[in-house]
Structure formats: structure tokens, C-alpha cells
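Visitor: quick one, fold the following:
(one chain, ligands or ions: 1)
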Amino acid sequence: MKFSLLAKDQGSKARAGSITTDHGVIETPIFMPVGTVATVKGVHQRELKQDINPDIILGNTYHLYLRPETKVLRQAGGLHKFMNWDRNILTDSGGYQVYSLAANRKIKEEGVKFKSHIDGSYHFFTPENVMEIQREIGADIIMAFDECTPYPCDYTYAKNSMHRTHRWLDRCIEHFTNKTQPLYGYEQNLFPIVQGSTYKDLRKQSAEYIAEAGAVGNAIGGLSVGEPAEEMYAMTEVVNAILPEDKPRYLMGVGTPINILENIALGVDMFDCVMPTRNARNGMLFTAEGTINIKNKKWETDFSPIDDMNITWVDTEYSKAYLRHLFKVNELLGKQIATIHNLGFYLWLVREARKHIIAGDFAVWKSKMVKQMDKRL
Ligand code: GUN
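Guide: The predicted structure is shown next:
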């Protein structure tokens with residue numbers, strides 16, 4: 001994997017770059033649509049490729065390991081072939097889902113024992129077997145096995161957990177590098193994850209440890225778990241001052257369009273979040289002018305296009321009143337339209353950010369956008 005920096009903004013820490021892997025180029029900053037169980041929910045491959053057009057999508061180890069199970073993916077020749085996606089894929093390690101989804105999880109030094117949220121069966125994740133599972137899934141970028149601490153989190157717990165995440169990282173690197181190899185003929189790249197909750201000294205220690213590992217890219221975890229946005233930004237700032245400049249930085253699970261722009265300004269290159277897809281299914285639309293709850297009565301007879309900007313074709317193909325109706329009668333199509341709109345908007349936003357970083361006016365554009373997008377329409 002190769003990362004090249006193309007431009008740095010003068011008025012902020014924002015950067016524009018490109019990551020090249022065996023599945024192609026990822027222009028950064030990038031938003032990665034979430035395809036948890038080998039599908040970006042409700043979106044056909046054709047729409048994903050042609051209309052939304054991301055260079056990379058995300059999958060989840062926890063879910064794919066449980067269903068369809070790794071053996072099926074291995075037989076298919078990996079996740080790319082299974083879902084017919086020939087661009088980049090990143091898989092999260094389960095270090096978040098084990099804590100947010102599984103019941104009865106028990107964390108030990110060796111790993112995490114958990115009960116499946118699907119059928120109650122027991123499983124055990126270790127840094128070693130999570131590397132093997134991610135080799136079998138076959139993503140281009142795979143994540144270290146970590147613990148995402150909750151918010152709030154007491155200092156002693158956060159500190160002990162961070163050190164365990166560091167020890168697990170050493171085991172991930174050792175196993176990934178010396179005991180496994182790619183199964184499908186292309187390179188896979190391991191990203192470590194900074195933890196440390198909302199404590200600056202812990203974040204600093206963790207970023208130093210992760211930087212020392214010398215990985216091809218680095219991630220920041222444990223944020224967007226309920227803390228105020230200002231605390232999230234403060235942590236990103238501390239961490240980015242330490243993580244190497246010449247490697248991509250990935251902020252996991254973030255966030256709103258405003259969170260994304262603020263973190264780009266702090267030097268983050270990669271993002272993922274369920275927000276554009278999950279909120280779409282609940283009738284929330286993100287636009288450059290603010291957010292819309294399409295279920296509100298105020299749209300009942302508003303026959304104007306969903307979004308005049310027409311970023312994706314659905315925006316002018318359908319009216320607000322029609323989309324509201326689809327939600328009111330709980331038709332599948334409503335959720336699909338809203339999903340395409342939101343993902344189109346998120347990808348537009350990061351592409352615009354990139355253009356403005358290259359043009360040299362990112363900070364000014366960002367301030368204007370943040371003000372605009374903060375509205376409820
Ligand atoms: N997704 C969002 N936050 C996190 C995190 O802290 N760790 C992992 N593995 N995934 C995440």
C-alpha cells in the first residue's frame with residue numbers, strides 16, 4: 001500500500017492524498033459506506049458503483065464471521081468475489097461490535113469470549129484468530145483487535161484497557177506478519193488503533209505506541225461513543241499531532257457531516273459511519289442546507305425535488321412529498337431512495353473537501369458549510 005500527500009491546507013491541518021492498494025486508488029479524504037454483512041443496506045452494486053461511486057467500502061468481521069461464516073467466504077474466493085465488489089474493502093476487527101452487540105462478553109488477557117446476538121452461541125475472539133478471520137475475509141485494509149471503551153469511562157479502566165489493546169496489537173502484528181499470509185493473491189494491510197478514552201495523557205501515550213509500531217496506516221478508535229463533539233475534536237487533535245504525517249489516519253465510526261469536516265480540518269483522512277445509511281432508513285436526509293426529517297407533516301404537499309443539488313439522480317427524480325408518502329406507508333423504496341441520497345451527499349462532501357484543500361480555501365469553505373449544515377429544515 002502506498003500513501004501520497006498531494007496538498008496541505010494552509011488554514012488548517014487538512015490534507016488531500018491518495019492511497020493505492022491492489023484494488024485501486026482511494027482519494028482522500030474519503031468516507032467509506034458501511035456494508036456490515038456484505039451489503040451496503042438497500043443499495044444495488046450498480047447504484048453503489050455508478051451513483052455513489054466510493055473507492056472503498058467497509059465490512060465487519062464480527063458479522064461476517066457469524067454469517068455467512070468465514071468458510072463460505074473462503075470458498076467464494078474472498079469477500080470481493082462473494083459480493084462482486086472489485087474496489088477496496090476495509091474490515092473492522094470486531095473490537096467494537098463485540099462490545100456493542102454481543103451479549104455476555106467476557107474480556108480476558110487472552111481475548112474476548114462472547115455470546116452471538118443471533119443465536120446465543122458462544123465464541124472466542126483473540127488477536128490471533130481475528131487476524132486469521134480477516135485474512136479469510138480478504139479485505140485490503142484490516143484492523144487490529146482492540147477494545148473500544150465506552151463513554152464515560154473511569155480513568156483506571158481506560159488506562160488498563162489501553163495497555164491491553166497495545167499488548168493485543170503486538171500479538172496482531174506478530175501473527176499477521178509471521179504466521180499468516182494473503183490467501184487471494186493481493187496485499188492486505190494492517191492498521192493499529194489508538195485508544196485512551198477522553199484522557200489527553202492516555203491518548204498521547206497510545207498515539208506514541210501506535211506510531212512506534214510503524215504501520216502503513218493508523219486509526220483512532222473509542223470516539224463518537226456519546227462524548228460531546230468538542231471532546232472528540234480535542235482527542236483527535238492530540239493524537240494527530242503524534243501520528244506520522246506520511247501515513248493515512250482513519251477516525252473510526254465518525255460521524256455527522258459536521259463532525260467529518262471538523263476532523264478533516266484536524267488532519268483525518270478516512271471515515272466510516274452507519275449514520276447516512278441507518279438514519280436514511282429512519283427518514284433523516286442530510287443536505288448542504290441542513291437535515292430534513294422527511295416524515296414531518298410540513299413536507300406533505302411539498303412537490304419540490306428532494307434536493308435541488310441533484311448529487312445523485314434520486315434527488316430530482318422524486319419529490320419530498322412523494323418520499324414522505326413512501327415513509328408514511330412504510331414502503332421499501334423510501335428507505336432505498338433516502339439511502340442513495342445520503343450516501344451520495346456524504347461522498348460529495350468529502351470530494352468537495354478534497355477540492356477545496358487542493359484549491360487552498362478549505363478552512364473558509366468548511367466554516368461556511370458547518371454553519372449551513374447545522375440547520376434543521
Ligand atoms: N468503530 C468505531 N469505534 C471503534 C473502535 O474504537 N474500535 C474498533 N475496532 N472499531 C470501531
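Visitor: leaving out sequence neighbours, find the closest residue to the residue of the chain positioned farthest from its centre.
Guide: Centroid-distance maximum for the chain: residue 301 at 35.9 Å, with C-alpha atoms, centre = their mean. Leaving aside its chain neighbours, residue 301 sits nearest to residue 321 (5.6 Å; criterion: C-beta to C-beta, 6 or more residues apart in numbering). Every residue, glycine included, has its C-beta placed from N, CA and C.
Visitor: before we move on, what about residue 155?
Guide: Excluding the flanking residues, the one nearest residue 155 by C-beta to C-beta, 6+ apart is residue 199, at 6.1 Å.
Visitor: my guess is the one you found meets residue 161, correct?
Guide: No - at 11.3 Å, residue 199 does not count as touching residue 161 under the criterion of C-beta atoms under 8 Å.
Visitor: between the two, which one's more packed in?
Guide: Remark: of residue 199 and residue 161, residue 161 carries more neighbours, 22 against 18, as counted by other C-beta atoms under 10 Å.
Visitor: helix or strand next in line after the helix or strand encompassing that one, which one?
Guide: In the assignment (DSSP states H and E), residue 161 maps to helix 155-178. Downstream of helix 155-178, the next assigned helix or strand under DSSP H and E is strand 189-191.
Visitor: for burial, what's the neighbour tally of the nearest residue to residue 78 once chain neighbours are set aside?
Guide: Excluding the flanking residues, the one nearest residue 78 by C-beta to C-beta, 6+ apart is residue 138, at 3.0 Å. By other C-beta under 10 Å, 25 other residues sit near residue 138.
Visitor: and residue 138, what does it touch?
Guide: Contacts were defined as C-beta atoms under 8 Å, 6 or more residues apart in numbering; by that measure residue 138 touches 73, 77-80, 89, 182-184, 188.
Visitor: could I get the full set of strands for the stretch 151-300 of the chain?
Guide: Using DSSP state E, counting those that start in this stretch, the strands of the stretch 151-300 of the chain run over residues 189-191, 193-194, 218-220, 249-251, 270-272, 284-287, 290-293.
Visitor: closest point of the chain to the ligand, which residue?
Guide: The ligand sits closest to residue 221 of the chain, with a gap of 2.3 Å, by C-beta to the nearest ligand atom.
Visitor: ok, that residue - contacts?
Guide: Residue 221 makes contact with 95-96, 146, 148, 193-195, 252-253 under the criterion C-beta under 8 Å, 6+ apart.
Visitor: of these - the most surrounded one?
Guide: residue 194 (34 neighbours).
Visitor: how about the residues of the chain by the ligand?
Guide: In this structure, the chain approaches the ligand at residues 92-93, 95-96, 143, 146, 148, 193, 221-222, 252-253, judged by C-beta under 6 Å from any ligand atom.
Visitor: was I right to think residue 17 contacts residue 248?
Guide: Yes - the criterion here is C-beta under 8 Å, and residue 17 meets it with residue 248 at 7.0 Å.
Visitor: any idea which element residue 350 lies in?
Guide: helix 332-359.
Visitor: quick one: buried residues of that helix?
Guide: 334-354, 356-357 (16 or more other C-beta atoms under 10 Å).
Visitor: coming back round to it: secondary structure class of the residue farthest from the centre of the chain, three-state.
Guide: coil (DSSP: H, G, I helix; E, B strand; the rest coil).
Visitor: okay but it is in contact with residue 322, surely?
Guide: No - counting by C-beta under 8 Å, residue 322 is not a contact partner of residue 301; they are 10.8 Å apart.
Visitor: and the residue nearest to the spatial centre of the chain, how far is that from residue 313?
Guide: What sits nearest the mean C-alpha location of the chain, by C-alpha atoms, centre = their mean, is residue 272, with 1.7 Å. Using C-beta to C-beta, to the nearest Å, residue 272 is found at 24 Å from residue 313.
Visitor: again with residue 201
Guide: Residue 201 is 50 Å from residue 313, by C-beta to C-beta.
Visitor: looking at these two, which is more packed in?
Guide: For residue 201 versus residue 313, neighbours defined as other C-beta under 10 Å are more numerous around residue 313 (14 against 11).
Visitor: which residues does residue 338 contact?
Guide: Here residue 338 is in contact with 280-281, 283-285, 294, 323, 327 (C-beta under 8 Å, 6+ apart).
Visitor: please redo it, this time with the cut-off set to 6 Å
Guide: Residues near residue 338 by C-beta atoms under 6 Å, 6 or more residues apart in numbering: 280, 285.
Visitor: swap in the one 3 residues further on?
Guide: Residue 341 sits next to 285, 314 when contact means C-beta under 6 Å, 6+ apart.
Visitor: cool, residue 242 as well?
Guide: With contact set as C-beta under 6 Å, 6+ apart, residue 242 has these partners: 207-208, 211.
Visitor: kindly report the same for residue 294.
Guide: Taking C-beta under 6 Å, 6+ apart, one finds 283, 285, 323-324, 327 in contact with residue 294.
Visitor: in CSV, list those along with pLDDT and neighbour count.
Guide: Converted to CSV, the contacts of residue 294 look like this (pLDDT from 0 to 100; neighbours: other C-beta atoms under 10 Å):
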residue, pLDDT, neighbour count
283, 98, 20
285, 98, 23
323, 98, 26
324, 98, 24
327, 98, 20
